[in-house]
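>>> Sequence and predicted structure, then a few things I'm wondering about:
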Amino acid sequence: MKNLNGQCQKSADRLEIACGQQTFILNTEFPVDVLSAGADYAPLHEKEIKEALDVCVYSESYSECVQKAEKILYIIPDITRRSGMEHFFPMMLAEAESFGKEISIIFAVGTHRAVTEDEKKTILGEDIYLKYKDRLFDHDCENMENHAFYGITKAKTPVFINKIYLEHDLIIPIGSVSHHYFAGYGGGRKLIFPGIAAKKSILRNHMLALDFAGGRRHPLAKSGELNHNPVHRDIVDALMISRAGRNFFTVNTVLDEKGSLIGMVCGDLFMAHHKACDVLDSMFRIKPDKKYRSLIVSCGGFPKDINMVQAQKSLDKAAAAAEEGADIFFFAECADGYGNSYFRDFFDMPSSKAMLDSLLADYQINRQTAYNLRTLTERFNVYLCGNISGEDCARMGFKKLNSAEDIIPLLKPETAFIPSASSYLFG
């Protein structure tokens, strides 16, 4: 993870704005501040990747863990999250094969839609997909018959995890560490719970992002908070309850704005994740000198803006760099539209207050996400450039942009551009 350049303030009047699979070029009438890492990090070489797998945090090496195992379960992200696994997963599989181990792979979709066959090929590569096609498993959080029950957490979350977890003695979650808007950080153990948990478990866990006694969003269920985050603490509790009889080896990656693999921390399910979070913060936690009157915000392109459920996370992060009531020009393609019907239909509610009252009375997964988005479109003047129709923009509180150039006359002197808001934590 070599830092090639020192931290510096950047500005530009020619912006490259990622939106889905395309990039818009926008020439502004005056230079705008660019809020990004301020440093370039070299992609990891094969030698550094192997070292990460050999020299681990509170754990034996990957090779030693594999040799002691009988059945290995790799838990990997779905299409909505990159992990950089194409750089190391083939060698991990080859090593497990060399020891004659039984291998299974499951996609950690949580409550997301199922992974398509074409997406599996994209995630794994054609060769691995064809070789392991019969050992690839889909997770369906709705099918309770496919889940085993382990107990109940201190926060009263029932711990139901896909039965395939029960059938393997070495569990290897692989995922990128990122800032998550209510769980604190993604990656690590989140691949297991809620990644391959039952919907009723996920629902109860996500409910902890609300402060029911105070009638508000829980102030500690936020990006960059782990130790006191009620959602994260419940995830840890769930894993402690369900870990007996299994060994774990976690692979936590750190990706840059373009998805290049620039960091990798492996080992203990808990300690390696904490270290990876520290690495992420050292690279991508930014404290702007001021808040801005207008922001130009990109999620960073596909798959970070595959749908609005995912894209709103970037808007949530970017908002921390904006003055209250600021103009935010948000670029999110949303090829899959809203993302799901629970999220979409909640915008029938007239306001964020009505949404919150409904959530406190009858919590539903993804409706909290809709509530969070509505609070943002109420606090800020948010314009959306993407595949969402004008009617649907209005339902969510956005103003529709038909082209990138439409924002030129609307820009204020104090403007910043965030080229990959999903990558950063501001503040």
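Yep, it's here.

>>> Relative to its centre, which residue of this structure is most distant?
Taking Cα atoms, centre = their mean as the measure, the residue most remote from the mean C-alpha position of the chain is residue 29, 34.1 Å away.

>>> Now do the strands for the stretch 201-350 of the chain: every range, in order, please.
Applying DSSP state E, counting those that start in this stretch to the stretch 201-350 of the chain gives strands spanning 210-211, 216-217, 247-248, 250-255, 261-267, 285-286, 292-298, 322-331.

>>> hmm, back to that, would you mind extracting the C-alpha trace of the strand or helix carrying the residue farthest from the centre of the chain into PDB?
Assignment of secondary structure by DSSP states H and E places residue 29 within strand 22-34. Output for strand 22-34, consisting of C-alpha atoms alone and laid out as PDB, is shown next (Å, rounded to 0.1, in the frame of the first residue of the first chain):
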ATOM      1  CA  GLN A  22     -20.500   5.700 -18.600                       C
ATOM      2  CA  THR A  23     -18.500   8.800 -17.700                       C
ATOM      3  CA  PHE A  24     -19.800  12.400 -18.300                       C
ATOM      4  CA  ILE A  25     -17.300  15.100 -19.000                       C
ATOM      5  CA  LEU A  26     -18.300  18.500 -17.500                       C
ATOM      6  CA  ASN A  27     -16.500  21.700 -18.000                       C
ATOM      7  CA  THR A  28     -17.400  24.200 -15.300                       C
ATOM      8  CA  GLU A  29     -17.100  28.000 -15.500                       C
ATOM      9  CA  PHE A  30     -14.800  28.100 -12.500                       C
ATOM     10  CA  PRO A  31     -12.600  25.600 -10.700                       C
ATOM     11  CA  VAL A  32     -14.300  23.500  -8.000                       C
ATOM     12  CA  ASP A  33     -12.700  21.800  -5.100                       C
ATOM     13  CA  VAL A  34     -12.300  18.000  -5.500                       C
END
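
>>> Can you tell me the strand partners of it and which way each runs?
strand 10-19 (antiparallel), strand 415-418 (parallel) (DSSP bridges).

>>> which one of the ones you listed lies closest to residue 247?
Nearest to residue 247 among those is strand 10-19 (39.4 Å), distances taken as Cβ to Cβ. Using the backbone N, CA and C atoms, a C-beta is placed for each residue, glycine as well.

>>> got the buried residues for that closest one?
Across strand 10-19, burial judged by 16 or more other Cβ atoms under 10 Å covers 15, 17-19.

>>> Same check on stretch 420-427?
For stretch 420-427, burial by neighbour count (16+ other Cβ under 10 Å) applies to 420-426.

>>> So which residues make contact with that stretch?
Applying Cβ atoms under 8 Å, 6 or more residues apart in numbering, the set of residues contacting stretch 420-427 from outside is 18, 35-37, 178-179, 223-224, 255-257, 281, 284-288, 297-301, 304, 313-315, 317-318, 320-321, 418.

>>> and those residues, which are buried?
Under a neighbour-count criterion of 16+ other Cβ under 10 Å, the subset of these counted as buried comprises 18, 35-37, 178-179, 223-224, 255-257, 284-286, 288, 297-301, 304, 313-315, 317-318, 320-321, 418.

>>> Now, these that are in helices?
Using DSSP state H, the subset of these located in helices is 284, 313-315, 317-318.

>>> pretty sure residue 327 is touching residue 380, no?
Yes: the pair formed by residue 327 and residue 380 meets the contact definition of Cβ atoms under 8 Å, at 7.4 Å.

>>> quick one: low-confidence parts of the stretch 151-300 of the chain?
Low-confidence segments of the stretch 151-300 of the chain (pLDDT under 70): none present.

>>> Can you pull the domain assignment for the protein?
The record's domain parsing of the chain by automatic domain parsing lists 10-35+288-426, 46-282.

>>> ok so, going back, angle of the strand holding residue 29 against strand 322-331?
Taking axes from the mean of the first three to the mean of the last three Cα atoms, to 10 degrees, one finds that strand 22-34 is oriented at 160 degrees with respect to strand 322-331.

>>> ok, then the element right after strand 22-34?
The element immediately downstream of strand 22-34 (helix or strand, assigned by DSSP H and E) is helix 46-54.

>>> Now that next one: buried residues?
Of the residues in helix 46-54, those buried under the neighbour-count criterion (16+ other Cβ under 10 Å) are 48-50, 52-53.

>>> With adjacent residues omitted, what lies nearest to residue 160?
Spatial nearest neighbour of residue 160, chain neighbours left out: residue 198 (3.6 Å); criterion: Cβ to Cβ, 6 or more residues apart in numbering.

>>> Tell me if I'm right that that neighbour and residue 141 touch.
Yes: under the criterion of Cβ under 8 Å, residue 198 lies in contact with residue 141, with a separation of 5.6 Å.

>>> Just put the buried residues of stretch 420-427 in CSV and tack on secondary structure.
Output for the buried residues of stretch 420-427, formatted as CSV (DSSP: H, G, I helix; E, B strand; the rest coil):
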residue, secondary structure
420, coil
421, helix
422, helix
423, helix
424, coil
425, strand
426, strand
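
>>> Would you mind listing the outside residues contacting stretch 316-323?
Contacts made with stretch 316-323 from outside it, assessed by Cβ under 8 Å, 6+ apart, are listed as 35, 179, 181, 223, 288, 291-295, 297, 328, 330, 372-373, 376, 379-380, 416, 418, 421-422, 424-427.

>>> hmm, try it at 6 Å
Contacting residues not belonging to stretch 316-323 are listed as 181, 288, 291-293, 295, 297, 376, 418, 421, 426-427 [Cβ atoms under 6 Å, 6 or more residues apart in numbering].
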